[in-house]
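Undergrad: following is a predicted model, sequence given first.
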Amino acid sequence: MKRLLFILMTTGVLHAADLCKQPSPEVMAEAAGVKLPPLPWHVANVWWDFEKPVEHFTSLEVDVTIDRDVPSDYNLYISPCGIAKINGLQFYGGIQTNINGWATKESRERVHRGKGGIFSRWSSDKTTPIGLDHVRTAADDCLVESAGYEGEFASVRRPFVWSKGTYTWCITKGESDNGSTWFTCSIRDAKGAVHEVGSLRFEGTDFTFWERHSAFVEVYRTSKIPKSGIPKVKVTFGWPRLNGKKVPLKKAHAYYPDKGGPDSPDCAWVKAEGENCVVDVGPIFKRDEAKRRHDLVLGSKTRTVSKIASKEAVAWVDTNDAPDLKEWGNKAGTLCVEWMPKIAALLPSEGFEAPREVTLYFDPAMKGVAHAANGKITISAAFVREHPDDWGMVVHELTHVVQAYPPGGPGWLVEGIADYIRIVKYEPDAPRPRLDAAKASYKDAYKTTAMFLEWTEKHHAPQLVVKMNAALRGGTYQDGLWKELTGKTVDELWELFVKTLQN
């Protein structure tokens, strides 16, 4: 978790121009101690189970909201229609950062057109080839494809420069001829403009939509970008509408594939917000297997979050799942607003602009104390109830938000600096924790390292923590820095410090 924290906090500080920027999947996987499966990666799947199938199907609509612009140097596939079936015939589609395919039905040269919409279907058994006579383009800039590398399919794609905002992905029943029916895909933007993608032909004239629906977010590969990064992004899927109406729902759930494909490194969570399903994509981590599949309770009351702000900082406080802690949470938010600029001033480095916002979430199911990640501090509600006076814990976690270190630095020093801010700067008059000289090590992190840093600054190197912080943030820290700054190695300094504990 600590190494992932370093990775997280680099984003948005060092790469402000790309709000999706994260370390490479390889770096994040190494930090998390996991292996990367082959692309494509279904980072999250959402499933809705309806009360019953919908007869006489004429249209499907799903709203999708993207919280930031995703550059086209990522391969991101947002699919409001992961799998749908009408009369047993499967189709799928959505929007991609890099659509590709054949420029004409006669060509077999793959071209890449950047962002766009996609609508595809499989053949009835996925093994019998399905030709391009099942495809109708909407304009000359459309791309088509008929192939069998992921089951026999036919597809139409069309360039459409989507960005941050809300869109509605639509499938509409069209005309029938010779026992088949055309269905047209279009994308409607927030202003109501309709962008037609193209049409596919399905066998039959009267259709029943099955009793389920799915959506997914995927990182895929192309010949243009064979190894895509994982963009940090939040994608919200709305409640599916069939024939213009919300479908009565039995339940909804999220699933994160890791065995059986398309497998993915764990880098996303799905949560319910009102009637919507929100997919939050971020750094790679190790998932608790008990949470690989979980229910989504839709239609619940919209969450309210308190905003506490000054000219220098903003704190968002979410106590929806622990309402008895609202007063405590607001005090913690006030503390963050006061101390975020102070910590930034205590831990400066050249060219660094510290974060100015933090979210506090109180988790009723969390074991342990708290952790910070991606500008969010998650705090155990149970811990707060048992330790209502532990405000230093908040300052420690807030320090992690400000640190914003890249991966590679020693965890004991990162945690030690966070506790240094807590113990030395926030709680200077509190009694110092007692250390066992026979058992303690400077690599114990937290209070032990904090007190060691305090002693070293006082006796050997003023401004030691500021310089260590700059080296960690710049990714240049090495153990030799101790001798460079103090004239002694870290082990020599520790031996001297331990002697003070024995007096």
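TA: Done, it's in. Numbering: from 1, shown residues only.
Undergrad: what bits of this protein have low per-residue confidence?
TA: 1-17, 261, 300-302, 503 (pLDDT under 70).
Undergrad: give me the buried positions along the one helix or strand Val465 maps to.
TA: Applying DSSP states H and E as the criterion places Val465 in helix 464-474. Buried residues in helix 464-474, defined by neighbour count with 16 or more other CB atoms under 10 Å: 464-465, 467-473. The way it works is simple: take the backbone N, C-alpha and C, and place the C-beta from them, glycine included.
Undergrad: what is the nearest of these to Ile225?
TA: Arg473 (29.8 Å; CB to CB).
Undergrad: in space, what's closest to that closest one - neighbours in sequence excluded?
TA: Ser349 (4.9 Å; CB to CB, 6 or more residues apart in numbering).
Undergrad: now swap in Glu457 and tell me
TA: In this structure, Glu457 finds its nearest non-sequential neighbour in Leu464, 4.6 Å apart by CB to CB, 6+ apart.
Undergrad: so the one you found is in contact with Glu484, correct?
TA: No: with contact defined as CB atoms under 8 Å, Leu464 does not reach Glu484; the gap is 11.0 Å.
Undergrad: for the stretch 251-400 of the chain, what spans make up the strands?
TA: Here the stretch 251-400 of the chain has its strands, by DSSP state E, counting those that start in this stretch, at 268-273, 276-281, 293-296, 306-309, 314-318, 357-363, 370-373, 376-380.
Undergrad: and the residue lying closest to Glu312 once chain neighbours are set aside, what does it touch?
TA: Spatial nearest neighbour of Glu312, chain neighbours left out: Pro341 (4.3 Å); criterion: CB to CB, 6+ apart. Taking CB atoms under 8 Å, 6 or more residues apart in numbering, we find Pro341 in contact with 312-313, 354.
Undergrad: closest one to Leu19 among the strands of the stretch 251-400 of the chain?
TA: Nearest to Leu19, of those and by CB to CB, is strand 276-281 at 12.3 Å.
Undergrad: strand partners of the closest one, parallel vs antiparallel please.
TA: strand 233-237 (antiparallel), strand 268-273 (antiparallel) (DSSP bridges).
Undergrad: for Ile78, name its beta-bridge partners.
TA: In this structure, Ile78 bridges to Ile95, Val217 when assessed by DSSP bridges.
Undergrad: if I look at it, how far off is Arg293?
TA: 21 Å (CB to CB, to the nearest Å).
Undergrad: repeat for Ile230
TA: With the distance defined as CB to CB, Ile230 ends up 21 Å from Arg293.
Undergrad: neighbour count winner among those two?
TA: Ile230 (26 against 13; other CB atoms under 10 Å).
Undergrad: how many neighbours does Tyr477 have?
TA: Tyr477, neighbours per other CB under 10 Å, totals 20.
Undergrad: rewinding a little: figure out which of the strands of the stretch 251-400 of the chain is closest to Asp125.
TA: When the strands of the stretch 251-400 of the chain are compared by CB to CB, strand 293-296 sits nearest Asp125, at 28.1 Å.
Undergrad: partner strands of that closest one, parallel or antiparallel?
TA: Assessed with DSSP bridges, strand 293-296 is paired to strand 249-255 (antiparallel).
Undergrad: what distance separates the strand it pairs with from the centre of its chain?
TA: 20 Å (CA atoms, centre = their mean, to the nearest Å).
Undergrad: other residues contacting that strand?
TA: Under CB under 8 Å, 6+ apart, the answer for strand 249-255 is 44-51, 239, 269-270, 272, 277, 292-298.
Undergrad: and Gly174, what does it touch?
TA: Shown in contact with Gly174 (CB under 8 Å, 6+ apart): 181-184, 199.
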